[in-house]
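>>> Build me a structure from this.
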Amino acid sequence: MKHTMIGIIGAAAFGVMASAASAATLDDVKAKGFVQCGVNTALAGFSAPDDKGDWTGLDVDFCRAVAAAVFGDGSKVKFTPLSAKDRFTALQSGEVDILSRNTTWTINRDTALGLNFAGVTYYDGQGFMINAKKLPGVNSALQLSGASVCVQSGTTTELNLADFFKANNLEYNPVVFEKVEEANAAYDSGRCDAYTTDQSGLYAIRLTLAAPGDHVVLPEIISKEPLGPAVRQGDDQWFDIVKWVYYALLNAEELGITKANVEEMKNSQNPEIKRVLGVEAETKIGTDLGLTNDWVVNVIKATGNYGEIFENNVGAGSPLKISRGINALWTKGGLQYGMPIR
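Numbering: from 1, shown residues only. Prediction:
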């Protein structure tokens, strides 16, 4: 009993020390001069290097927005490409300051893994893709009994796949890969009858296949996949900064503040716009975060508002051409809702 109590006290003390040690992320970020951001290795629309080696995507732009909030410069960010298996260890160990890697918010990750999710930057759901020439006549995932299915390990995708087939009394053969590139190549070569991942990911992956037009995304959505950036627990200030960058992007879109007009909007007589942009002396939207009061201006200058980020990377202005759907603002029938900046 004595040893047990010592162990408990020791664990508690370690927890306090760990929390204190991790409670200076902003200072660490400022000291090194950039935000280290964990991203996907290659997922079009979310995080992938372009032909010049520059990182692009919705998750990438979110990290640039955080860098702009902290430094007034969206370029002060470095990207660490991470596999699904390695992403949580990289965040927990301090290798990255933010995990912005199309990661689903779940209770296990919020508790046992010690993550704090800052918001849902993309509401998604898991789906299936097939080669219509290989499986003619298949127009539903319920017709995939006995199929081999490519899936990435260490993901909620793998668990959801098992649940779906079990719930529907269907047999299947999972073909599991650690890296998304391996899964993509296996599916494209015909090793698997179907591919499963977040539906947004299926649209992105389809663009990279040898014959994109041969592949069809089936209609079923078998899960809720709220994707968003996460930080380590134990540092409320850093959590607040990342969280409020997300809300600022949404509020800016709702107020009509864009990358093109943000400077002009600083002269607006609308009190809410003036407050969000921090142009009034009594406004302290930055002080309590440890930032300058014009941090929202810097964010929008760097990336545009949430709507601009969405459209440029996955929406109408991108090769994916995904509709806003439930990712529209709440004022337009969607789920995206920015908490008040006041």
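>>> so how many other residues sit close to the residue nearest to Tyr246 when sequence neighbours are not counted?
Spatial nearest neighbour of Tyr246, chain neighbours left out: Gly119 (3.9 Å); criterion: C-beta to C-beta, 6 or more residues apart in numbering. Heads up, the C-betas are built off the backbone N, CA and C, glycines and all. Counted by other C-beta atoms under 10 Å, the residues lying close to Gly119 total 23.
>>> same thing with the one 4 residues further on?
Each residue near Tyr123 was counted by other C-beta under 10 Å, and the total is 18.
>>> what does whichever helix or strand it is part of rub up against?
Per DSSP states H and E, Tyr123 falls inside strand 122-124. By C-beta atoms under 8 Å, 6 or more residues apart in numbering, the list of residues contacting strand 122-124 from outside reads 46, 58, 102, 104, 198-201, 225-228, 314, 325-327, 335.
>>> Look up the pLDDT of the residue nearest to Tyr246 for me, please.
pLDDT recorded at Gly119 is 98.
>>> so how far is Ile98 from it?
Distance of Gly119 to Ile98, computed by C-beta to C-beta, to the nearest Å: 12 Å.
>>> ditto for Cys37
For Cys37 relative to Ile98 (C-beta to C-beta), the value is 5 Å.
>>> I'd guessed Gly154 sits against Thr103; true?
No: contact criterion C-beta atoms under 8 Å: Gly154 and Thr103 do not qualify, at 11.1 Å.
>>> neighbour count winner among those two?
Between Gly154 and Thr103, Thr103 has the larger neighbour count (other C-beta under 10 Å), namely 26 against 14.
>>> tell me how far the ends of stretch 266-285 are from each other?
This stretch, stretch 266-285, spans 15 Å end to end (C-alpha to C-alpha, to the nearest Å).
>>> list the buried ones in it?
Ser268, Ile273, Lys274, Arg275, Val276, Leu277, Gly278, Val279, Thr283, Ile285 (16 or more other C-beta atoms under 10 Å).
>>> contacting residues around Ser140?
Leu218, Pro219, Glu220.
>>> let's see it at 6 Å
If a contact means C-beta atoms under 6 Å, 6 or more residues apart in numbering, then Ser140 has no contacts.
>>> next SSE after the helix or strand bottoming out on mean pLDDT in the chain?
The weakest-scoring helix or strand in the chain, judged by mean pLDDT, DSSP states H and E, is helix 2-21 (a mean of 38). Using DSSP H and E, the helix or strand that follows helix 2-21 towards the C-terminus is helix 25-32.
>>> Please work out the average pLDDT along that following helix.
Across helix 25-32, the per-residue pLDDT values average to 97.
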